[in-house]
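S.K.: Next comes the sequence, and after it the predicted model I'd like to discuss.
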Amino acid sequence: MDADHKAMQEIRKEDRDALKELGAKMERSVAGLADEMKKLAERSSIIDNNVLAKQSQALGAIAATRWIIGTALAFGALVIAYQAGEAGKHIDPQRDTGAQIK
């Protein structure tokens, strides 16, 4: 019976050592996975930042184009209004027959 007891103690010691080794392997695996996840997150962050920068540039270009077109249209409208006003200066409002008098 004493031999069986010592054999069981030895088996439990071997089991504990195997569990410690397995735990150490699992910790190394988890640490490796965490490092890989960190690298993937950093790469994803860099890609996202580049995409956002390009989107900002595109939005800025669109806004600038809209501003330029709006300014050109407003300037064109002012020129047309000025020319219409200049052409209508010489019309006698009491005798307006639609013909311009110069």
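M.R.: Looks like it arrived, so ask away. Numbers count the residues shown, from 1 in each chain.
S.K.: low-confidence ranges in this structure?
M.R.: Filtered on pLDDT under 70, the chain yields the residue ranges 88-102.
S.K.: go again using 80 as the cut-off
M.R.: For the chain, residues meeting the criterion pLDDT under 80 lie at 1, 87-102.
S.K.: Strands of that one, start to end?
M.R.: For the chain, strands defined by DSSP state E do not occur.
S.K.: Show the residue spans covered by the helices in it.
M.R.: Using DSSP state H, the helices assigned to the chain run over residues 2-88.
S.K.: centroid residue for this structure?
M.R.: When the chain is reduced to its mean C-alpha position, the nearest residue by Cα atoms, centre = their mean turns out to be Leu52, at 3.2 Å.
S.K.: if I pick that one, what's in contact with it?
M.R.: Contact analysis of Leu52 by Cβ atoms under 8 Å, 6 or more residues apart in numbering lists nothing. C-beta here means a position set from N, CA and C on the backbone, and glycine is covered the same way.
S.K.: going forward can the numbers begin at 212, since that is how I track them
M.R.: Fine by me, first position is 212 from now on; the one you just mentioned is Leu263.
S.K.: Can you tell me how far Ala269 is from Arg277?
M.R.: Ala269 sits 13 Å away from Arg277, going by Cβ to Cβ, to the nearest Å.
S.K.: Then Glu232?
M.R.: According to Cβ to Cβ, Glu232 and Arg277 sit 67 Å apart.
S.K.: before we move on, what about Phe286?
M.R.: 15 Å.
S.K.: same question, Lys231
M.R.: Taking Cβ to Cβ as the measure, Lys231 falls 68 Å from Arg277.
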